[in-house]
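# below: sequence and its predicted model.
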Amino acid sequence: MMRCIIIDDDATSRLVLKQLCSKVKKLNLIAEFSNAIDGIKYLNTNKVDLIFLDIHMPNFSGFDFINTVKDPPNIILTTSDRYFAIDAFEYHCVIDYIVKPITMDRFEKTIAKLEKLQHKTSATSAQVSSNSANEMYVNVDRRLVKINIPEIDIIEAKGDYIKIKTETGNHIVHSTLKNIQSKLPDATFFKTHRSYIINLHKIVDIKDNSVLIKKDVIPVSRQNKNELIERLNLL
Amino acid sequence: MESANLEYIKNLTENNEEFERELISILKRDFPIEYDGYKLNIEEKNYSGAAEIVHKIKHKITILGFKKGYELASNHENELRNGKSELKDSFKKILDNISAFIKTL
């Protein structure tokens, strides 16, 4: 459900919008205001997903409202004037511009447009989040180098630096094991020793107090060995 | 000449009588006040004040089915903002039509 409010100085306009909102199940009209100032006060303490905003209001216009609100939610401008349309789309929060009197057909088109936009936005943010979960940028010689986290084999502490060994190459980075460990998924990476973090998926075998990853033999401290064994899928 | 009707309101309400009654009661309450305010501002030659009221009345004009009346109201609002009132008599005819219609509701 989208939590929406109406801001319009004209009572008939508010009532028409209220009726239109009542016909769309996804819309939950939570408040209405006859002036923009009251709308701003409400926004300061309440979560709102969508605003139906009149442009032409005495003293404080719809554009004044948009310019005042920090990070405004999606806005659908409603107005009796066609000539504000170009100005309206200067604002990224403005989804649509509806000229009164608003018909059900026109209202439904606007809501469909909003849904399409929200779908696109959520798909994009899911993609970004999924990508960022698998990527890490490290500072190497004043360059930010992207590392694909699943491709990391071993991370080794070397004084004030760490050496990140990956499938495609090694990187020496000024950082600590503790710092990089906080950026890695716990389910995949394990600290075997005070100087080593390994990717559990890259283990070839385990013998005594060491693990083999590719051709590297990595020490496992006595206190970490049991936990390592517990993390493995033993037959 | 166009005349006021409830076609838009009926389409919008889809037989929701409560909503229809509420909308009509707002029209009956607000329109006479706005009309009086308009007349007063015109008499006083306070054209910017009159323009503000014309703007508010425009929505009522459209929901009562005046298509040409809306264009006339928009032009009148613009000319008032420019200090002119040549369309005031034509606009008054629309307002009188609405007044008479509202009394029948």
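Okay, I see it. Since this is a predicted model, take the numbers as computed values, not measurements.

# chain A contacts on chain B?
Listed as neighbours of chain A in chain B under the rule C-beta under 8 Å from any C-beta of the partner chain: B:8, B:11-13, B:16, B:19, B:22-23, B:26-27, B:30, B:52, B:55-56, B:58-60, B:62-63, B:70, B:74. (C-beta placed from N, C-alpha, C; glycine too.)

# surely A:Glu135 touches A:Leu144?
No: shown here, A:Glu135 and A:Leu144 do not form a contact pair, counting by C-beta atoms under 8 Å, at 11.1 Å.

# which among the residues of chain B next to chain A end up buried?
B:8, B:12-13, B:19, B:22-23, B:26-27, B:30, B:52, B:55-56, B:58-60, B:62-63, B:70, B:74 (16 or more other C-beta atoms under 10 Å in any protein chain shown).

# domain parsing for chain A?
Taking automatic domain parsing as the domain assignment, the ranges for chain A are A:2-131, A:135-231.

# distance between the ends of the shortest one?
When you say that, I think you mean domain A:135-231. End-to-end distance of domain A:135-231: 23 Å, with C-alpha to C-alpha, to the nearest Å as the criterion.

# B:Ala50 versus the closest residue to A:Asp8 other than its chain neighbours, what's the distance?
Leaving aside its sequence neighbours, A:Asp8 sits nearest to A:Asp54 (C-beta to C-beta, 6 or more residues apart in numbering or on different chains; 3.9 Å). When distance is defined by C-beta to C-beta, to the nearest Å, A:Asp54 is 20 Å away from B:Ala50.

# swap in B:Gly83?
For B:Gly83 relative to B:Ala50 (C-beta to C-beta), the value is 11 Å.

# name the residue in the two with the higher neighbour count.
A side-by-side neighbour count of B:Gly83 and B:Ala50, using other C-beta atoms under 10 Å in any protein chain shown, places B:Ala50 first with 25 against 10.

# list the contacts for that one?
Listed by C-beta atoms under 8 Å, 6 or more residues apart in numbering or on different chains, the contact set of B:Ala50 reads B:38, B:41-42, B:80, B:85.
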